[in-house]
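Student: sharing a model prediction with you, sequence too.
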Amino acid sequence: MKKLGVWVYSLFLVFGVVGVANAICFTDTIALNATLGEGCWAENFWSDSISYEHSTPDDFDVPPDDVISATLTISGYWINDDNDYVYVEETKTGHLNAGGSQFFWLWDSPSYSVFNIENTFSSWTAGSKLPITIEANGDAGDGILHLASSTFSLEYNNNDTPAPVPEPGTLVLIGTGLIVLGAFSVKKKYRTNRKTI
Ligand SMILES: [Ca+2]
Ligand SMILES: [Ca+2]
Ligand SMILES: [Ca+2]
């Protein structure tokens, strides 16, 4: 019976200390507050762009980590049509969704454009920054846009995490297990010694 107890404690010891892969959620939000000219004046069209970098977690590296989800969300105003493009690591990822106020004097709720950027992280070096460029293009009646914020959200399994530090409760459990284990082996040794006398 005591042998069974030792086994149960041993199992707790193994699973309590080793644990399972650690899913981590990370978010980085940048306030852009940038107004880009994108329109026409005397039949001349021009475009404008903004570039910035999102930070990524220091311990995020693929492999061995793997990505559960990765999204980039851009909020902005005065976005019409679908001619304003978002580049992630110099790859065209999509265009901003039309929406937000369409009149310069209005600041109601902005439009949100959400991009799934999971493919960007098929491999990744820890500590790298995530470069983003937004390119505004205009045509008649599409003279300006305003970018409010950019949010990078990442959920990943940190597969190279060292064994987590056991919680106090687990420590008590381990301690008790070791005491039982010790008592058991002392008793066994005592019995063996008695037999040999
Ligand atoms: Ca890692
Ligand atoms: Ca535009
Ligand atoms: Ca516009």
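Tutor: Received the coordinates, thanks. Numbering: from 1, shown residues only. Ligands and ions are numbered 1, 2, ... in the order given.
Student: which residues does I24 contact?
Tutor: I24 is in contact with P57, E155, Y156, N157, N158, counting by C-beta atoms under 8 Å, 6 or more residues apart in numbering. (Each C-beta comes from the backbone N, C-alpha and C, glycine too.)
Student: from ligand 2, how far off is it?
Tutor: 36 Å (C-beta to the ion, to the nearest Å).
Student: wait, does the host helix or strand of that residue contact ligand 3?
Tutor: Take DSSP states H and E as the rule and I24 turns out to sit in strand 22-37. No: using C-beta under 5 Å from the ion, strand 22-37 never reaches ligand 3; the gap is at least 8.7 Å.
Student: can you tell me the SS state at S113?
Tutor: strand (DSSP: H, G, I helix; E, B strand; the rest coil).
Student: tally of neighbours for it?
Tutor: Close neighbours of S113, defined as other C-beta atoms under 10 Å, add up to 22.
Student: partners of it in the sheet?
Tutor: As for beta bridges, S113 partners with I74 under DSSP bridges.
Student: and for I134?
Tutor: Bridge pairing for I134 (DSSP bridges) gives the partners I50, V86.
Student: now do the one 10 residues further on
Tutor: According to DSSP bridges, the partner residues bridging I144 are G37.
Student: where's it relative to D108, distance?
Tutor: Using C-beta to C-beta, to the nearest Å, we find I144 at a distance of 16 Å from D108.
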